Structures are given as C-alpha cells and as structure tokens.
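> Sequence first, then the predicted structure:
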Amino acid sequence: MSAALFVAGTDTGIGKTHAACTLLHALRARGLRVCGMKPVASGCTETPDGLRNEDALALLAAGSAPLPYAQINPVALRQPLSPHLAAAHEGVTIALPPLRAAFDTLRAGHDAVVVEGVGGWRVPLAPGLFASEIARQWNLPVILVVGLRLGCLSHSLLSAEAILADGCRLAGWIANRIDPSMEAVEENLATLRELLPAPCLGVLPHGVGPAQAAAWLAPAGLVD
C-alpha cells in the first residue's frame, strides 16, 4: 500500500498524462481524496497567470479539488525540449529538494498523490540528475504506461528492466490504445502480460476520456 505513485512511460507521446488522469479518476471513485503532480514540465505556454503546461492542467482538473498551480507543477519551462536543455536555455536550475517540498505539501493533504514523470524513464533533468531519481529517491512505486503501437514490446521490457535495476518497485502497468489501427493487439497484450514482471492494471480504449476510461482500470491494492 502506498499514498503516492509514480507514473512513468515507455517513451514520450504514449499517453502518460491520460493514464495518470484516468488513475486519478479511478481512485476518486473509491472515495479517496487525490491529486496529480507534474514536478517538471517543458513546453509550457505563457498565460496571464504565468507559464502553464497542458499536462499539468489536466492533472489539476482530474484531482479531487482545486489547488495552486505551482504546487502541481513547481518547474514550468517554456521550450518543448528535454528538461535539462529547456532549463539551461532559461537559466533555471532543476533540483530535487524544492520538488520534494511541493510533493510533501500535496501528500499531507491527500490520500494519494499521482506523480507523473517526463518522457521516458531516463530523461535528464540537470547534469547528473534524471527523472527516474524522483521515483527512486522518494521511494515511489512505479506504474509503467505502455503505448500500444509497433515497438512497444521492446520499449516496455527495457523500461521495466531499467526501473528494477534502479531499485524501484514496478507496481503495475497500464496499456493505452494510442494506435487504433495496431495489428495483433491481443497477441501483443498477451506477450506483455507474460513478460512484464508486474500485473496489468487495465487497457485504456482509444478516444475515451479519463473520467469514462477509469472503468477500465483496477487500482485496488495500489493505495491504502
């Protein structure tokens, strides 16, 4: 049981945010007070209220109650680049202590916090610091999001190996139907179920929003 989870992806663009928001809705349906967190986000848009990231806003909307944006997304970067590059271009230093402070505040006020990573498992945040360190140093169980498309088998198995090699616990994986024309979907899912060392928490259908897609998830046992 855990009061926090880390959502990682096999790659960028495979629906991490969609899966994280769906997980939030599934946990809310169990009567839990939950929120999402995107510690670092690049590709943010300038608004009258400051820099805003589309994924962070989606996590904010999927939570149980409104929260200050800066708690959900402490590091917001303009350029749609790897965070270490976007931060360097903007003169921003990314370090874990301020992110942890925001996380601790969220955790203190919620039954569960769903923390979404950046891109894949090994994305650089700063010199010598990778996104995977958030899950490792905060001791967060990892949920791996698998985008169902050609190549997902290798990406999934390599990601799982890296997660376990870093000493993290792979608590489960979520399949996301990002390519509705993918062939042999059931065979690929059977292969993933056989080879990934964690249970499948659900298969999210294509074109269904997080609130409705929550019915396809079985998060029991993830959060007390």
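Perfect, I can see it now.

> does R33 really touch D111, like I thought?
Yes. Contact between R33 and D111 holds when scored by CB atoms under 8 Å: they sit 4.9 Å apart. For glycine as for every other residue, the C-beta is placed from the backbone atoms N, C-alpha and C.

> Of these two, which one has the most company?
Neighbours were counted for R33 and for D111 using other CB atoms under 10 Å; D111 has more, 17 against 13.

> May I ask you to confirm that the more buried one is in contact with R30?
No. Shown here, D111 and R30 do not form a contact pair, counting by CB under 8 Å, at 9.1 Å.

> Tell me which stretches of the protein form helices.
For the chain, the helices defined by DSSP state H occupy 16-28, 54-62, 69-72, 83-90, 96-108, 132-137, 152-165, 185-195, 210-213.

> could you say what helices and strands the fourth one packs with?
It refers to helix 83-90. In this structure, helix 83-90 makes packing contacts with strand 124-126, judged by 3 or more CB pairs under 8 Å, 6 or more residues apart in numbering; DSSP states H and E.

> how close does P219 get to T10?
The gap separating P219 from T10 is 20 Å, by CB to CB, to the nearest Å.

> again but with L106, I slipped
The spacing between L106 and T10, counted by CB to CB, is 26 Å.

> which residues are in contact with stretch 128-138?
Stretch 128-138 is touched from outside by 4, 6, 8, 39-40, 83-84, 94-96, 99-100, 103, 115, 117-119, 121-125, 140, 142, 162-163, 166-168, with contacts defined as CB atoms under 8 Å, 6 or more residues apart in numbering.

> same question, stretch 66-74
The set of residues external to stretch 66-74 that reach it, using CB under 8 Å, 6+ apart, is 35-41, 49-50, 52-53, 56-57, 59-60, 98-99, 102, 105-106.

> rerun that using 6 Å as the cut-off
For stretch 66-74, the surrounding residues in contact (CB atoms under 6 Å, 6 or more residues apart in numbering) are 37-38, 41, 53, 56, 60, 98-99, 102, 106.

> Give the buried residues for it.
Within stretch 66-74, the residues scored as buried using 16 or more other CB atoms under 10 Å are 67, 69, 71-74.

> Which pLDDT value goes with the residue sitting furthest away from the middle of the chain?
Computed with CA atoms, centre = their mean, the maximum C-alpha offset from the centroid of the chain is found at P48, amounting to 26.9 Å. Looking at P48, its pLDDT is 96.
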